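Peer 1: Below are the sequence and a predicted model for it; my questions follow.
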Amino acid sequence: MPKKRNQDPNTRQTWNRASLQPAQQHSAAKLDQTRDGEKPVPELTQEKESSSPLSVEMDKCDLLQETQESVDYFDDIGFPETNVALVVEDKKIHVNKAVLSKHSPVFNAMFYGGFKERTAKEIKLGNKKAKDVVEFLRCFYPNMKHAITEINVLKVLPLAHEYQSPLVDNCEKLMISKCKQGTGLTVTSLLDYIIAAEKYDLETFLDTAVEFCSHVDFDLLNGKTIQRRQSRYDNYSRHWIYDDCVQEDKEISSKFLDITLKTRHAISVERLQVLEKNKRKMKIGEQNEEDYHMILHAINFDISLYT
């Protein structure tokens, strides 16, 4: 993390500008002149060969906010020089071949095998989002190594699988860790994880998810919730009569049907075993195991993938 600078206007001019990289000098000058009410310094033109380990051309991409923090973060002198650009959604992401090749056998074959990419200065990656590619790279790039979280796991996993990255294991471990009570896992996220696990052959997670789902009401997994509402007042009994109102979340019910029949069958079998176990407990007076309490969607949760 960049060190906090002294915000006193009488002392901020004591920065050692000579020790800063050109991009840092430019950002510092902009910061000073903006505070003084002057016109900001014009933007610098990004060079093709940069000392940044992972840089995105600012005139073509807004992935990185141009703040003093981001400049310090990406212009560390200890990073390897960039020597190739990945072009995603017409945005250039400057990277180092050796770093990518060491992490991924696919990149290694691309850069050092008998393919045209071996001598190319720019390599176009189709059918991908630039933000997802940047986040994937940040998860293994030197001095970055962002953690896999519930926020980025479903963005990183497809790319990790495509490029045969060890991050696939990290993604699976994160998903497994969420299949517990008290983690805040929602039904929609659970189904998203299962669909992804089926697509990318995450068998260990699928086993964990099936066992977890066996403790969740089957209607809830289908997006159905039951709410009781007052129907009418019975004058004879002097009580309100309540009806059960079934509400269905179409998005969740559709996701549940996207799960393969094999996995849905496995969940059903495990669920029946849990119900039978509870039935036997009732006969001998033991307390039943309560179902896991889950909500369908995250409430008031603004997902900001890359901040």
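Peer 2: Looks like it arrived, so ask away.
Peer 1: Give the buried residues for stretch 206-219.
Peer 2: For stretch 206-219, a neighbour-count test (16 or more other C-beta atoms under 10 Å) marks 206, 208-210, 212-214, 216-218 as buried. Where C-beta positions appear, they are placed from N, C-alpha and C, glycine not excepted.
Peer 1: ok, which stretches of the stretch 201-307 of the chain are strands?
Peer 2: For the stretch 201-307 of the chain, the strands defined by DSSP state E, counting those that start in this stretch cover 224-234, 239-248.
Peer 1: how is this protein carved up into domains?
Peer 2: 44-146, 168-307 (automatic domain parsing).
Peer 1: sorry, back to before: just the ones of the buried residues of stretch 206-219 in helices?
Peer 2: 206, 208-210, 212-213, 218 (DSSP state H).
Peer 1: Between the residues you listed, which sits nearest A109?
Peer 2: L206 (29.4 Å; C-beta to C-beta).
Peer 1: How about the closest one, nearest residue that isn't a chain neighbour?
Peer 2: The spatial neighbour of L206 that comes closest, neighbours along the chain excluded (C-beta to C-beta, 6 or more residues apart in numbering), is A197 at 5.0 Å.
Peer 1: I'd guessed that neighbour sits against L174; true?
Peer 2: No. Using C-beta atoms under 8 Å, A197 is not in contact with L174; the gap is 11.8 Å.
Peer 1: Tell me which of those two has more neighbours.
Peer 2: A197 (24 against 19; other C-beta atoms under 10 Å).
Peer 1: Just the buried residues of the helix or strand encompassing the more buried one, please?
Peer 2: For A197, the enclosing helix or strand under DSSP states H and E is helix 187-199. By neighbour count with 16+ other C-beta under 10 Å, helix 187-199 contains the buried residues 187-198.
Peer 1: and that helix, what other elements does it pack with?
Peer 2: helix 153-162, helix 167-178, helix 203-213, helix 218-221, helix 250-258 (3 or more C-beta pairs under 8 Å, 6 or more residues apart in numbering; DSSP states H and E).
Peer 1: and L86, which of those helices is closest to it?
Peer 2: helix 153-162 (11.3 Å).
Peer 1: and the angle from the closest one to helix 187-199?
Peer 2: In terms of direction (axes from the mean of the first three to the mean of the last three C-alpha atoms, to 10 degrees), helix 153-162 departs from helix 187-199 by 0 degrees.
Peer 1: contacting residues around helix 153-162?
Peer 2: 106, 128-129, 131-133, 135-136, 139, 148, 165-168, 170-171, 174-175, 192-193, 196, 200, 305 (C-beta atoms under 8 Å, 6 or more residues apart in numbering).
Peer 1: Mind checking the pLDDT average for that helix?
Peer 2: Taken as a whole, helix 153-162 has an average pLDDT of 98.
Peer 1: Rank the helices and strands of the protein by mean pLDDT and give me the bottom one.
Peer 2: helix 68-74 (a mean of 32; mean pLDDT, DSSP states H and E).
Peer 1: Check which helices and strands whatever helix or strand comes next after that helix sits against.
Peer 2: Next helix or strand after helix 68-74 toward the C-terminus (DSSP H and E): strand 84-88. For strand 84-88, the packing partners by 3+ C-beta pairs under 8 Å, 6+ apart come out as strand 91-95, strand 122-124, helix 130-138.
Peer 1: repeat that for 10 Å
Peer 2: Other elements packing on strand 84-88 under the criterion 3 or more C-beta pairs under 10 Å, 6 or more residues apart in numbering; DSSP states H and E are strand 55-56, strand 91-95, helix 97-103, helix 105-112, strand 122-124, helix 130-138.
Peer 1: Show me which positions of it end up buried.
Peer 2: 84-86, 88.
Peer 1: And stretch 126-146, by the same measure?
Peer 2: Under the neighbour-count criterion of 16+ other C-beta under 10 Å, stretch 126-146 has 128, 130-141 buried.
Peer 1: between the residues you listed, which is nearest G223?
Peer 2: Nearest to G223 out of these is D132 (C-beta to C-beta; 27.1 Å).
Peer 1: Nearest residue to the closest one in space, please, no chain neighbours.
Peer 2: Sequence neighbours aside, K155 is the residue nearest to D132 in space, at 4.6 Å (criterion: C-beta to C-beta, 6+ apart).
Peer 1: how close does the one you found get to D192?
Peer 2: According to C-beta to C-beta, to the nearest Å, K155 and D192 sit 12 Å apart.
Peer 1: How about Y200?
Peer 2: Taking C-beta to C-beta, one finds Y200 at 12 Å from D192.
Peer 1: Ok, K224 next?
Peer 2: K224 sits 18 Å away from D192, going by C-beta to C-beta.
Peer 1: now swap in T263 and tell me
Peer 2: T263 is 13 Å from D192, by C-beta to C-beta.
Peer 1: For stretch 249-260, buried residues please.
Peer 2: 249, 252, 255-256, 259.
Peer 1: V274 is in contact with R280, correct?
Peer 2: No. The pair R280 / V274 is not scored as a contact, 11.1 Å apart, by C-beta atoms under 10 Å.
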